[in-house]
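> just coords:
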């Protein structure tokens, strides 16, 4: 009888542990609604601006726009300007199965003061008060002359 209680207690502990390992499931509908609210009500994404940063900056979740501006990591080529996003898509499920919104691609191209090695791009609020996203490139890109340009494929994925 004692061994039966031990087995039952062990099974109960295993059942409780297994239940704790099952992650919650957030539905696509909820994710789509969340992205729709972010883009429509707060207008954060629709008024966001995109800029580049020089190679050597290592972003973290705690990074701020001041880290970029005061850190000397903004590009120095002639003609560099932070650009406004033009239009965002409606939320959709991308090929990786992630709820996503995309904006029009932006082209960054200089007219002098080369070279600049670009480490990635960042997104800030319209007023430049908050850093929203930093996206390092897989490999830094060097702008060496006026023929060189960088097209930034801007996106926001739910949970980023």
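That came through fine. Quick caveat, the model's predicted, so the values are computed rather than measured.
> residue ranges of the strands in the chain, please?
49-54, 83-84, 92-93, 99-102, 106-109, 116-124, 131-143, 149-152, 155-157 (DSSP state E).
> show me where pLDDT drops low in this structure?
For the chain, the stretches with pLDDT under 70 are 1-26, 38-43, 160.
> Grab the most central residue of it for me.
Nearest residue to the geometric centre of the chain (Cα atoms, centre = their mean): residue 133, 4.5 Å.
> Name the nearest residue to it, sequence neighbours excluded.
Of all residues not flanking residue 133 in the chain, residue 123 sits nearest, at 4.2 Å (Cβ to Cβ, 6 or more residues apart in numbering). For glycine as for every other residue, the C-beta is placed from the backbone atoms N, C-alpha and C.
> One more: residue 31?
Closest to residue 31 by Cβ to Cβ, 6+ apart is residue 99, at 3.8 Å.
> And the contacts of stretch 151-160?
31, 34-35, 38, 45, 50, 52, 85, 91, 94, 98-108, 121, 123, 133 (Cβ atoms under 8 Å, 6 or more residues apart in numbering).
> Tell me the spacing between the residue nearest to residue 31 and residue 135.
18 Å (Cβ to Cβ, to the nearest Å).
> Looking at those two, which has the bigger crowd around it?
Using other Cβ atoms under 10 Å as the criterion, residue 99 and residue 135 rank with residue 99 on top: 22 against 17.
> What residues does the more buried one make contact with?
Contacts of residue 99 by Cβ under 8 Å, 6+ apart are 28, 31-32, 34-35, 91-93, 157-158.
> what bridges to it?
Here residue 99 shows beta-bridge partners residue 93, assigned using DSSP bridges.
> cool, and residue 49?
Beta-bridge partners of residue 49, as defined by DSSP bridges: residue 84, residue 124.
> What is the neighbour count of it?
18.
> Am I right that it is in contact with residue 81?
No. Checked against Cβ atoms under 8 Å, the pair residue 49 and residue 81 is beyond contact range at 9.7 Å.
> Understood, closing this out.
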